[in-house]
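Engineer: Have a look at this fold, sequence not included:
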């Protein structure tokens, strides 16, 4: 058995240095890339730009949009808009992402300390931050993950102390903060904290006081969802109501199991995520294989296994939850959460096995970081020219995308990471684009009454469905068209109008300017 008690001071400093270095290296690719290979990220960044410059006439946002900061899940956009007062908007977004991803490390380390585990186990939680959630651009989930892990560590510590009004206010504030981060994580947090309270078997009055601290966040989330449900025609766009009415998708157990490695590390075309998943499993086995020990007192055993059981409940929820419902992907977001909680439950074996596991963990991090950096470079080659052509667009007009070519990145097979690239016009130049996440109720911005004409266009054409575009029907609404494809595609789309248009091309991107009267 490993020696008890705290490690030597020099070891503590060395550990902090290793963890800090790992966090810096882990987010470095974000700052080296011109554009990030995240599917939904351009839309989220565009909404942040609207929040930042809603009153600036040059951007033209105020004509179509108005703030709705009370809407749920606006933390990323509001934080990015705040930092954009000091930094360019793209750097502000990278800063918020960096804080969210790097924040997983201290939050998971705090959870490990609560269970008497080495803090470096948190590196395993860091390893799964560049996965399905990241590449799909689910920034709300990325922001909520360190809050979830840190909130669990805080709740676990508060429940071991006299639970007075200060503890109540602190836990209530964390639960309410999830309203601004992610509602799905709010529900998960309420269930997880309730489990940490119940496993201690407190007397009824203390349990009621502890659980009541979760009511502010739960009431906010449930209240706004119920209100939105009964006032859907008022607060939800037609596009969101269309998605809300789509059939729920359930995936069988085998398919969900087959997808685990891809959800944790991203889906690479050469299948390297399977090897990374095997390496992660090997680390867990090196730490976990031990001789059978009698459990002893059942209640004590349940308490000691509280984080492992919680990770198991979350993993089980992944298997029973739908893949898609009410317009949102659901279950796949739970896998990195289960792993991040589960690292705090890994046993603490002998020093030799700890060292072997530490070496394997560093190998896993180096492998994943190398794959991520290569993928970032590949994506930036594919996206080359996008910012260059957008620099030739004047601010404050309407732009639509016609994407005849998809991304061929080394991950996210078969999703197209460039699908929302037209939103970068709003990020850098203002105006409006056809498909905007302002269409969704969980955005801190909404359309002014009567301004959502995009809603009608989206019923029969979206930017990624370029072949459904009919210029006679929809072209008159836009001054600019951002086309991805060959130059030969342009005459087929615009016909004789192309002769009167100004076309700016770079690599596979073309900006077609049909004139200020659009």
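Structural biologist: Here it is on my side, so go on. Predicted, not measured: the structure shown is a model, and the values here were computed from it.
Engineer: Which parts of the stretch 251-400 of the chain are helices?
Structural biologist: Using DSSP state H, counting those that start in this stretch, the helices of the stretch 251-400 of the chain run over 253-258, 260-265, 272-288, 298-304, 306-320, 334-342, 351-382, 386-390.
Engineer: Out of those, name the one with the poorest average pLDDT.
Structural biologist: Among these, helix 298-304 carries the lowest mean pLDDT, a mean of 86.
Engineer: and that one, what does it pack onto?
Structural biologist: With contacts defined as 3 or more C-beta pairs under 8 Å, 6 or more residues apart in numbering; DSSP states H and E, helix 298-304 has no helix or strand neighbours. In short, each C-beta sits where N, CA and C put it, glycine included.
Engineer: sorry, back to before: present the helices of the stretch 251-400 of the chain as TSV; the columns should include mean neighbour count and distance to residue 457.
Structural biologist: What follows is the helices of the stretch 251-400 of the chain, written out as TSV (neighbours: other C-beta atoms under 10 Å; distance: least, C-beta to C-beta, whole Å):
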stretch	mean neighbour count	distance to residue 457
helix 253-258	11	35
helix 260-265	24	34
helix 272-288	18	37
helix 298-304	13	56
helix 306-320	18	36
helix 334-342	24	35
helix 351-382	17	27
helix 386-390	20	21
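Engineer: Residue 56 is nearest to which of those helices?
Structural biologist: Nearest of these to residue 56, taken as C-beta to C-beta: helix 386-390 at 17.8 Å.
Engineer: How about residues contacting the closest one?
Structural biologist: 34-35, 421, 424-425, 428-429, 482, 504-506, 509-511 (C-beta atoms under 8 Å, 6 or more residues apart in numbering).
Engineer: can we see that at 7 Å?
Structural biologist: 34-35, 421, 424-425, 428-429, 504-506, 509-511 (C-beta atoms under 7 Å, 6 or more residues apart in numbering).
Engineer: Then stretch 343-363?
Structural biologist: 2, 108, 111-112, 115, 117-118, 120-125, 279, 282-284, 286-288, 290, 305, 307-308, 311.
Engineer: Could I have the buried ones of the contacts of helix 386-390 as ChimeraX selection syntax?
Structural biologist: Isolation of the buried members of the contacts of helix 386-390 (16 or more other C-beta atoms under 10 Å) is achieved in ChimeraX through the command below:
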select :35,421,424,425,428,429,504,506,509,510,511
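Engineer: which ones among the contacts of helix 386-390 are found in helices?
Structural biologist: Among the contacts of helix 386-390, the ones falling in helices (DSSP state H) are 424-425, 428-429.
Engineer: and the residues you listed as CSV, adding distance to residue 88 and pLDDT?
Structural biologist: Formatted as CSV, the ones in helices among the contacts of helix 386-390 follow (distance: C-beta to C-beta, whole Å; pLDDT from 0 to 100):
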residue, distance to residue 88, pLDDT
424, 13, 98
425, 16, 98
428, 9, 96
429, 13, 96
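Engineer: With distance to residue 146 as extra columns, can I get those in a markdown table?
Structural biologist: Output for these, formatted as a markdown table (distance: C-beta to C-beta, whole Å):
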| residue | distance to residue 146 |
| --- | --- |
| 424 | 27 |
| 425 | 31 |
| 428 | 29 |
| 429 | 33 |
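Engineer: Between the residues you listed, which sits nearest residue 90?
Structural biologist: residue 428 (8.1 Å).
Engineer: Run the chain-centre distance for stretch 425-445.
Structural biologist: Here stretch 425-445 is found 18 Å from its chain centre; the criterion is C-alpha atoms, centre = their mean, to the nearest Å.
Engineer: returning to that earlier point: which of the contacts of helix 386-390 sits closest to residue 378?
Structural biologist: The closest of those, once distances to residue 378 are taken by C-beta to C-beta, is residue 35, at 12.0 Å.
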